[in-house]
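Engineer: Just a sequence and a predicted model for now, questions to come.
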There are 2 protein chains.
Amino acid sequence: VILSKITRCSCIDVYNQPVNPRSLEKLEMIPAGFACPNVEIIATMKKTKEKRCLNPESENVKKILEAISKKR
Amino acid sequence: VILSKITRCSCIDVYNQPVNPRSLEKLEMIPAGFACPNVEIIATMKKTKEKRCLNPESENVKKILEAISKKR
């Protein structure tokens, strides 16, 4: 997934495959705003340190957000 | 809020006041893992660029997460 240089959004497209929460080093959530009209969720993968734009609308991502904030 | 240099967690304590989602530039969610046994949520404030550790358990933070991922 290429992070955009031209548009002010960080994500051009989103990674639509399911993601395993355990493979995530961190998630960045950027609210919609002036720079970019879309909510953007960028995952940093543990092993590869690769950054992946996830689809905020997808059930899988919603489950990941819940799973992460629940784990104590 | 001081970001810790000693422990492997990024947050020593959490900011317990309610936070306005519109004041956020971005949220970083770090799942519990080897480095740190706690889930950590670090907000970057728009105006000051200050980083604040938020309490993943607080209702306010849960509402922020929902609000951010809903806004289209």
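Structural biologist: Received it, and whenever you're ready, just let me know what you need.

Engineer: Now do the lowest-mean-pLDDT helix or strand in chain A: distance to the chain's middle.
Structural biologist: The least trusted helix or strand in chain A, going by mean pLDDT, DSSP states H and E, turns out to be helix A:59-70, with a mean of 83. Distance, stretch centre to chain centre, for helix A:59-70: 11 Å (CA atoms, centre = their mean, to the nearest Å).

Engineer: and that helix, what does it pack onto?
Structural biologist: Judged by 3 or more CB pairs under 8 Å, 6 or more residues apart in numbering or on different chains; DSSP states H and E, the packing partners of helix A:59-70 are strand A:24-30, strand B:24-30, helix B:59-70. Backbone N, C-alpha and C define where each C-beta goes, glycine included.

Engineer: for the first one, packing partners?
Structural biologist: In terms of contact count using 3+ CB pairs under 8 Å, 6+ apart, strand A:24-30 is assigned the packing partners strand A:40-45, helix A:59-70, strand B:24-30, helix B:59-70.

Engineer: what sits against residue A:62?
Structural biologist: residue B:69 (CB atoms under 8 Å, 6 or more residues apart in numbering or on different chains).

Engineer: whoops, residue A:45 was the one
Structural biologist: A:23, A:24, A:25, A:51, A:52.

Engineer: give me the number of residues near residue A:22?
Structural biologist: Using other CB atoms under 10 Å in any protein chain shown, residue A:22 has 9 other residues around it.
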